[in-house]
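Chemist: Output the structure for:
(chains A and B)
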Protein chains: 2
Amino acid sequence: MNWLSKPVRGLLLDITGVLYNSGEGDGVAIASSIEAVKRLQASDLKIRFVSNESSNTRAKLAAKLGRLGFEIQEEQLFTPAPAAASYLRQHGLRPHLLVHPGVQDEFAEFDMTDPNCVVMGDAEREFTYQNLNTAFQLLIKLDRPQLITLGYGKYYMETDGLKLDVGAYAKALEYACDIQSLVIGKPNAEYFSAAVADMQLTIDETVMIGDDILSDIGGAQKAGLRGVQVRTGKWRPQWENHPIVTPDGIVDNLAEAVNLLLAQNAA
Amino acid sequence: MNWLSKPVRGLLLDITGVLYNSGEGDGVAIASSIEAVKRLQASDLKIRFVSNESSNTRAKLAAKLGRLGFEIQEEQLFTPAPAAASYLRQHGLRPHLLVHPGVQDEFAEFDMTDPNCVVMGDAEREFTYQNLNTAFQLLIKLDRPQLITLGYGKYYMETDGLKLDVGAYAKALEYACDIQSLVIGKPNAEYFSAAVADMQLTIDETVMIGDDILSDIGGAQKAGLRGVQVRTGKWRPQWENHPIVTPDGIVDNLAEAVNLLLAQNAA
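Modeler: As a prediction, this is how the structure comes out:
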């Protein structure tokens, strides 16, 4: 299906690899995406930025995107850490955190003295030998080990190359403990649906744009959305004949998608 | 089947968790196992020590076991690193090593300037954020990424607690790169069969004794051997109702197995 064959009233946008590439400091903006987001914000389209970013609180993420040149409201951001905190609260869980220091504030309310689950995000340099073994030792001694992950990505692009993402480390702990993770974030259909509902739109009216063919495009399609692949971020040429996922559209970058979409909506 | 219901002419013995527990320095010998190995070496039984130990060359491992009180010939040791080196040689491969410094000598012959595969053992403290990402970056850019692992264990016991083993880290790289490892070591049936053949015995005449229900007992049984579980090392009580593997015998430690076996052979 062509992604523009039905009307589009809302967009879900991935952040890393679509707006900017992560790396030292704030990372590097994809230049044409700054102008593209400006045009979207000035249009009638509703937007949510649906990310598995787990290195920052929403407030810090909005500020960081601001420094990179993107005008984004905190309320337009969808990230897994607040969703995980909500899950912990509902289930009376006490987490051991293996997360990036920048996102720990989202979990400030929890008692962590006697943890009964592990919450793992993209901890980046915190994925040390010691920290992985500490999380493992905690899980293996629980009667019902529970590993909650903020997203489940394979890898992501930093300015100095590809890096293993939280899903890879989750696989290590799952194998060692004979468990399955509870994934909060993309590619879970519930996560996409919640972002669509927050815009007060329907699945049919909404398009997801991302750089990860499995987590962004495949996940969105499972939720019933159209999924558009950008050729930026972690995109790889061989994905254009991917054995599992066929995007509803492929564009060079966010700017091309926005050009096509706004031209169609103006017609 | 009772493990003593057929004659036994040869034993395959796991090392870590059966002879000693690893940890700082040489680790700690399981006291009763020292005497048990002495009695075996003085008996008519043939023995091979079949280990996934990948932290030492065979020479260093024999020396280390000697310091712990075990009289074991280098020729009685079966370890994955020499088997992997033989595989690399046969297939003209140039490895990138993510292995313990103590075993690197087994790979001294190989050109590593332009690696076309990754060999990963239990690298212990070398499993750093940096080293895992370096191995990942190398694999993901290969046309046909090949990950060769020295064993595939979930975890093992050190004196300061359980530690993630090479299989867990392999799962991380497999997921990130969409590949399967080639496992050299237990639980591969070929590995057990080669050790039996080296004793010039048959599968029917041989018993495997180990502490890991999947890698030692399950693996040996798949190769057609009898597998006896010891209640030392990484053994866990719930394994006595394990959903997948039922050992042919369960003993408190190696000494009990040797007592039973030598009493039967003397009868």
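Chemist: leaving aside the residues next to it on the chain, what's closest to the residue nearest the centre of chain A?
Modeler: In chain A, the C-alpha nearest the mean C-alpha coordinate belongs to A:Asn52, at 2.2 Å (C-alpha atoms, centre = their mean). In space, and not counting its chain neighbours, A:Asn52 is closest to A:Gly151: 3.0 Å by C-beta to C-beta, 6 or more residues apart in numbering or on different chains. (Glycine included, C-beta is placed from N, CA and C.)
Chemist: what's the answer for A:Ala81, then?
Modeler: A:Ala81 sits nearest to A:Glu106 (C-beta to C-beta, 6+ apart), 4.0 Å away.
Chemist: In terms of helices and strands, where is A:Phe70?
Modeler: Secondary structure assignment for A:Phe70, by DSSP states H and E: no helix or strand.
Chemist: And it, how far from chain B?
Modeler: 28 Å (C-beta to the nearest C-beta, to the nearest Å).
Chemist: Does that residue touch A:Leu19 like I think?
Modeler: Yes: between A:Phe70 and A:Leu19 there is a contact at 5.9 Å, judged by C-beta atoms under 8 Å.
Chemist: Tell me where the stretch 151-267 of chain A has strands.
Modeler: For the stretch 151-267 of chain A, the strands defined by DSSP state E, counting those that start in this stretch cover A:155-158, A:161-164, A:182-184, A:206-210, A:226-230, A:249-251.
Chemist: Now for the residue nearest to A:Lys154 when sequence neighbours are not counted: which residues touch it?
Modeler: Once flanking residues are discounted, A:Lys154 sits nearest to B:Ala176: 4.6 Å by C-beta to C-beta, 6+ apart. B:Ala176 sits next to A:154-155, A:164-165, A:167-168, B:136, B:140 when contact means C-beta atoms under 8 Å, 6 or more residues apart in numbering or on different chains.
Chemist: still on that earlier bit, deepest of the strands of the stretch 151-267 of chain A, which one?
Modeler: Across the strands of the stretch 151-267 of chain A, the average number of neighbours (mean count of other C-beta atoms under 10 Å in any protein chain shown) peaks for strand A:206-210, which reaches a mean of 27.
Chemist: now it and strand A:226-230, what's the angle there?
Modeler: 30 degrees (axes from the mean of the first three to the mean of the last three C-alpha atoms, to 10 degrees).
Chemist: what's in contact with strand A:206-210?
Modeler: The contact list for strand A:206-210, computed with C-beta under 8 Å, 6+ apart, reads A:3, A:8-14, A:17-18, A:50, A:186, A:192, A:196, A:199, A:216-217, A:219-220, A:225-230, A:248, A:251, A:254, A:257, A:261.
Chemist: Write a PyMOL command that selects only the buried members of those residues.
Modeler: Per 16 or more other C-beta atoms under 10 Å in any protein chain shown, the buried members of the contacts of strand A:206-210 correspond to this PyMOL selection:
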select buried, chain A and resi 3+8+9+10+11+12+13+14+17+18+50+186+192+196+199+216+217+219+220+225+226+227+228+229+230+248+251+254+257+261
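Chemist: where's A:Arg48, which helix or strand?
Modeler: Counting by DSSP H and E, A:Arg48 is part of strand A:46-50.
Chemist: can you list the domains in chain A?
Modeler: A:10-79+A:187-266, A:80-184 (automatic domain parsing).
Chemist: how about those, which one is nearest B:Cys117?
Modeler: Nearest to B:Cys117, of all the domains of chain A, is domain A:80-184, at 18.1 Å by C-beta to C-beta.
Chemist: Do a quick rundown of the helices in the stretch 51-200 of chain A.
Modeler: A:58-68, A:80-91, A:129-140, A:166-177, A:189-198 (DSSP state H, counting those that start in this stretch).
Chemist: Between helix B:129-140 and the fourth one, find me the angle.
Modeler: Between the direction of helix A:166-177 and that of helix B:129-140, the angle (the same axes, to 10 degrees) works out to 100 degrees.
Chemist: which regions of the stretch 1-150 of chain A sit below the pLDDT cut-off?
Modeler: For the stretch 1-150 of chain A, applying pLDDT under 70 flags the ranges A:1.
Chemist: quick one, strands of it?
Modeler: So, for the stretch 1-150 of chain A - with DSSP E, counting those that start in this stretch - the strands run A:10-13, A:20-21, A:28-29, A:46-50, A:77-78, A:95-98, A:117-120, A:147-150.
Chemist: hmm, back to that, quick one: which of the contacts of B:Ala176 has the most company?
Modeler: Neighbour counts for the contacts of B:Ala176 (other C-beta atoms under 10 Å in any protein chain shown) peak at A:Leu164, which has 28 neighbours.
Chemist: Please look at that residue and B:Ala172 and confirm they touch.
Modeler: Yes: when contacts are counted by C-beta under 8 Å, A:Leu164 is listed as touching B:Ala172 (6.4 Å).
Chemist: what touches both of these two?
Modeler: B:Leu132.
Chemist: if we can go back for a sec, which two of the contacts of B:Ala176 have the greatest separation?
Modeler: So, these by C-beta to C-beta: farthest apart are A:Gly167 and B:Ile140, at 14.2 Å.
Chemist: first to last residue in stretch A:13-23, what's the distance?
Modeler: 20 Å (C-alpha to C-alpha, to the nearest Å).
Chemist: how about that stretch, does it reach chain B?
Modeler: No: counting by C-beta under 8 Å from any C-beta of the partner chain, chain B has no neighbours in stretch A:13-23; the shortest distance is 13.3 Å.
Chemist: Equivalent analysis for stretch A:180-195, please.
Modeler: No: judged by C-beta under 8 Å from any C-beta, stretch A:180-195 and chain B are separated, with a smallest distance of 11.5 Å.
Chemist: just how off-centre is that stretch within its chain?
Modeler: 9 Å (C-alpha atoms, centre = their mean, to the nearest Å).
Chemist: what does that stretch contact?
Modeler: A:12, A:14, A:48, A:50, A:52, A:54, A:78-80, A:83-84, A:87, A:146-152, A:170, A:173-174, A:203, A:208, A:210, A:212, A:214-216, A:218-220, A:222-225.
Chemist: Stretch A:15-33 now?
Modeler: Here stretch A:15-33 has contacts from A:13, A:37, A:49, A:51, A:53, A:61, A:64-65, A:67-70, A:156-160, A:209-212, A:230, A:232-235, A:253-255, using C-beta under 8 Å, 6+ apart.
Chemist: Residue numbers of chain A in contact with chain B?
Modeler: A:124-125, A:127-129, A:132-133, A:136-137, A:140, A:154-155, A:161-165, A:167-169, A:171-176, A:178.
Chemist: got the strands of the stretch 1-150 of chain A as CSV, with distance to A:Ala267 columns?
Modeler: CSV is the format used below for the strands of the stretch 1-150 of chain A (distance: least, C-beta to C-beta, whole Å):
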stretch, distance to A:Ala267
strand A:10-13, 18
strand A:20-21, 31
strand A:28-29, 30
strand A:46-50, 20
strand A:77-78, 30
strand A:95-98, 50
strand A:117-120, 46
strand A:147-150, 40
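Chemist: closest to B:Pro115 out of those?
Modeler: Among these, strand A:20-21 sits nearest to B:Pro115 (C-beta to C-beta), with 26.4 Å.
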